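Asks: starting from these lines, generate the structure:
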Amino acid sequence: MPITASIAAPTVISGSTATGEQPKVTRMEVPGIKGADGDITWQGEWSSATTYTQNQAVQYNGSAYVALQGNSEIIPTSDTAVWSVMTLKGDTGAVGAVGSAGTITVGTVTTGSAGGSVSVLNTGTSTDAVLNFTIPKGVAGNSGATGAIGQTGPTGAAGDNATITIGTITTGEPGSSATVVNAGSDTAAQLNFSIPRGQQGAQGTFRWMGAYNASTVYAINDVVYYNGSSYVAIVAQTQENVPTDTSKWEKMASAGAEGGAIGSMEDTNVSVSVDDAAILMYNDTSSKWEDNNVFGTDRSALRLDGGTF
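Replies: Residues are numbered from 1 along each chain as shown. Modelled structure (predicted):
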């Protein structure tokens, strides 16, 4: 059955060309024939892959259509026996007046922590925006290549000749730190030194213990005098180890030969009276004590008190 209908002019409910807003068609009167009984169900955008039944409505190219009978792959504008127009797409409205230009300015730009997110905050209005940026710090990059050596700069003016003199030198306590203090100026330095005394050193290799004593316990390198000779201990000692024990002592110096005795003037070879002072020396060849007469006949120099003999 063919369908005939007349379409009345659309009614504009809202919209104003003065503000640049497009008019909106909210109602169109389309008188038509009575459709089949039943509610119309909206199916959205028409699709060739969908099989439609009677009273299902779709949208196609901006207009709405209702199926008069079941169908598939039939374009709503191609067969009026299958599809009936519900509402037609309105014409494009007139271009609205140009609105006032908005402004955008950059506010603050701060550096965020490394790994953070970038943020932009509008502290202005929608028409006069003020954008505050937060940009995170980047991770440290690799070291760059060494740049070329620059040209040598001009020679500077000659400076004043500086002088350095030594001031005082004092001895500090053992274990203290050495110090140098400039008591002068940068160009005329006077350096005062404090040098710490060294720590007391270890005892020497040999230790003189005097005459041997049987009750003394001697250590290695202790030196004693015994019967005119000197001995050094070669091992740690116990008491009563006489120095002649070669397993414990070693002789350092032997006693000298025993000198002769003057029994009478016949044992001497002296040219002066015994009442006169003289230096006598024993002669091993003649086996006699002799006056070497190193002071001549004036022997007053031998008197420590300055007198004469």
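Asks: host element of the closest residue to Ser247 other than its chain neighbours?
Replies: Distances taken as Cβ to Cβ, 6 or more residues apart in numbering put Val235 closest to Ser247, at 7.6 Å, once the chain neighbours are dropped. Every C-beta, even on glycine, is put in place using the N, C-alpha and C of the backbone. Using DSSP states H and E, Val235 falls within no helix or strand.
Asks: neighbours of Val235, how many?
Replies: Val235 is flanked by 12 other residues according to other Cβ atoms under 10 Å.
Asks: next: Asn122.
Replies: Neighbour count for Asn122, taken as other Cβ under 10 Å: 13.
Asks: list the contacts for it?
Replies: Neighbouring residues of Asn122 by Cβ atoms under 8 Å, 6 or more residues apart in numbering: Ala129, Val130, Leu131, Asn132.
Asks: which of those residues are buried?
Replies: By neighbour count, with 16 or more other Cβ atoms under 10 Å, the contacts of Asn122 hold Ala129 as buried.
Asks: the contacts of Asn122 in strands, which ones?
Replies: Among the contacts of Asn122, the residues falling in strands (DSSP state E) are Ala129, Val130, Leu131, Asn132.
Asks: the third one contacts Val120, correct?
Replies: Yes: counting by Cβ atoms under 8 Å, Leu131 sits close enough to Val120 to count as a contact (5.4 Å).
Asks: picking that back up, which single one of the ones in strands among the contacts of Asn122 is nearest to Asp79?
Replies: If you rank the ones in strands among the contacts of Asn122 by distance to Asp79 using Cβ to Cβ, Ala129 comes first, at 52.8 Å.
Asks: state the helix or strand in which the closest residue to Leu191 other than its chain neighbours lies.
Replies: Counting by Cβ to Cβ, 6+ apart, Leu191 lies nearest to Val180, which is 5.4 Å off, once chain neighbours are set aside. For Val180, the enclosing helix or strand under DSSP H and E is strand 179-182.
Asks: what is that strand packed up against?
Replies: Using 3 or more Cβ pairs under 8 Å, 6 or more residues apart in numbering; DSSP states H and E as the contact definition, the elements that strand 179-182 packs against are strand 188-196.
Asks: next, the buried residues of the strand it packs on.
Replies: Of all the residues in strand 188-196, those buried under the rule 16+ other Cβ under 10 Å are Ala189, Ser194.
Asks: give the burial count for Phe206, as a bare number.
Replies: 13.
Asks: please parse this protein into its domains.
Replies: As assigned by automatic domain parsing, the chain contains the domains 11-15+22-87, 164-196, 207-253, 265-302.
Asks: looking at those domains, which is closest to Ala145?
Replies: Among these, the nearest to Ala145 by Cβ to Cβ is domain 164-196 (39.4 Å).
Asks: ends of that closest one, what's the gap?
Replies: In domain 164-196, first residue to last residue: 22 Å (Cα to Cα, to the nearest Å).
Asks: and Gly35, what pLDDT?
Replies: pLDDT, Gly35: 52.
Asks: just Asp91 next, same as before
Replies: For Asp91, pLDDT reads 83.
Asks: excluding its backbone neighbours, what's nearest Asn71?
Replies: Closest to Asn71 by Cβ to Cβ, 6+ apart is Val82, at 4.9 Å.
Asks: for the stretch 201-309 of the chain, what spans make up the strands?
Replies: Assigned by DSSP state E, counting those that start in this stretch, the stretch 201-309 of the chain shows strands spanning 207-211, 222-226, 229-233, 249-253, 268-269, 280-283, 288-291.
Asks: would you reformat these as TSV and include mean neighbour count?
Replies: Converted to TSV, the strands of the stretch 201-309 of the chain look like this (neighbours: other Cβ atoms under 10 Å):
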stretch	mean neighbour count
strand 207-211	12
strand 222-226	19
strand 229-233	19
strand 249-253	15
strand 268-269	16
strand 280-283	14
strand 288-291	18
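Asks: looking at the ones you listed, which is nearest to Pro136?
Replies: Across the strands of the stretch 201-309 of the chain, closest to Pro136 is strand 207-211 (Cβ to Cβ), at 78.4 Å.
Asks: give me the neighbour count for Val58.
Replies: Residues near Val58, counting by other Cβ under 10 Å, number 20.
Asks: hang on, isn't it packed against Glu45?
Replies: Yes: at 6.8 Å, Val58 counts as touching Glu45 under the criterion of Cβ under 8 Å.
Asks: residue contacts, the residue nearest to Leu191?
Replies: Residues near Val180 by Cβ under 8 Å, 6+ apart: Leu191, Asn192, Phe193, Ser194.
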